[in-house]
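Asker: Sequence plus predicted model, see below.
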Amino acid sequence: MNAELIGLPWLITEPAFRDLEAKSRNPDYIRMEMGFCDQFLLSQNDYPPYDVYGSVAVITCHGGFTKRSSWWSYRFTGDRVHFAITHAIQNPSIKSIVLDIDSPGGTVSGTKELADFIFAARSDKRIIAIANDMACSSALWIGSSASEFVTTDSAFVGSLGVLWARMDWTKMNDKIGIKVHLFGSGEAKTWGWPDTEMSDSEKADKLATIETLANQFIEGMARNRGVTPAEARSQWASARTWIGQDAVSVGLCDRVSTLDKVVAELSGQQTNVRERGNPNGEESTKPSGSISRQRGRGQCFRFIRTTRR
């Protein structure tokens, strides 16, 4: 298993994590993805960080989520989405922002921070997130922070929970005659090593950490969806997923639509959101019209499919 995956909690579906773990053992795949990552980051220099349809900025949030770019995630990162939203808010020609989400989730790191940023940014401009095939785990937390959370008919939404993997190679080492000695200045310093069995104290610590992170997730979802933490826990904390209208019925999403329809609705509307950078604080009255797409860096030349539940 790749070192990036060991010893860290995740907000991701279990099938996607297994798929990621399998790919992490293939050095040729990692080298290939690092090459695509480099090309993608270089391509960002000449375009705004989103696609523009009329007065709507569409930010692509596809693939696994991580705080910063890595070999397995470089399109849906916390720093990239944060920058794109900030850019769109400061752009006077942009009236609304759409987050086009197709993700099984990702790392704990960066998720709460991005969700909190999006929740606060709703007061600047209208932000609509759409589960456009999948919005699970960390992507659920992020998407629910928007002004409105839309789902397509067939999108998978949910998986509110924390995942943590811990390998144990001790029996394999015994079988092939390997004995590993670890030295550390504190008890916890040697926790997580796959060459050692998990102690009771390590297990208790991991479970306590998972409970803390799960409570943060539940409290964030409760705030985003306007329910109490107790209601969020009872309704969504089983870590199951719902499809389309069922996600609306249980309160995770607001309605069923498509990305095209959402963009068309917003492009044909005038907005009362005051633009940043307008010294007079005047409201924009740009007339509605046909939708024309301006190529931004929200889209990429390559899209990596991820395993879903």
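Answerer: Noted; the coordinates are in hand.
Asker: Could you use CA atoms for every contact and neighbour count after this?
Answerer: OK.
Asker: how many neighbours does residue 119 have?
Answerer: 20 (other C-alpha atoms under 10 Å).
Asker: same check, this time on the one 10 residues further on
Answerer: When neighbours are defined as other C-alpha under 10 Å, residue 129 has 28 of them.
Asker: Now do the strands in the stretch 151-300 of the chain.
Answerer: 156-158, 163-164, 241-243, 255-256, 293-294 (DSSP state E, counting those that start in this stretch).
Asker: Just checking: what are the partner strands of the third one?
Answerer: Right, strand 241-243. Strand 241-243 sits in its sheet next to strand 156-158 (antiparallel), going by DSSP bridges.
Asker: mean confidence score for the partner strand?
Answerer: For strand 156-158, the mean per-residue pLDDT is 97.
Asker: Please identify the most buried of the strands of the stretch 151-300 of the chain.
Answerer: strand 156-158 (a mean of 29; mean count of other C-alpha atoms under 10 Å).
Asker: Centre of the chain to that one, how far?
Answerer: Centroid separation for strand 156-158 versus its chain: 12 Å, with C-alpha atoms, centre = their mean, to the nearest Å.
Asker: before we move on, the earlier item: nearest to residue 228, of the strands of the stretch 151-300 of the chain?
Answerer: strand 156-158 (17.3 Å; C-alpha to C-alpha).
Asker: Please list the outside residues in contact with that closest one.
Answerer: 131, 133-137, 140, 151, 236, 239-244, 247, 252 (C-alpha atoms under 8 Å, 6 or more residues apart in numbering).
Asker: hmm, try it at 6 Å
Answerer: 134-136, 241-243 (C-alpha atoms under 6 Å, 6 or more residues apart in numbering).
Asker: Next, format the strands of the stretch 151-300 of the chain as TSV and append distance to residue 88.
Answerer: Output for these, formatted as TSV (distance: least, C-alpha to C-alpha, whole Å):
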stretch	distance to residue 88
strand 156-158	26
strand 163-164	33
strand 241-243	30
strand 255-256	24
strand 293-294	14
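Asker: closest to residue 114 out of the ones you listed?
Answerer: Once these are compared by C-alpha to C-alpha, strand 156-158 is nearest, at 17.9 Å.
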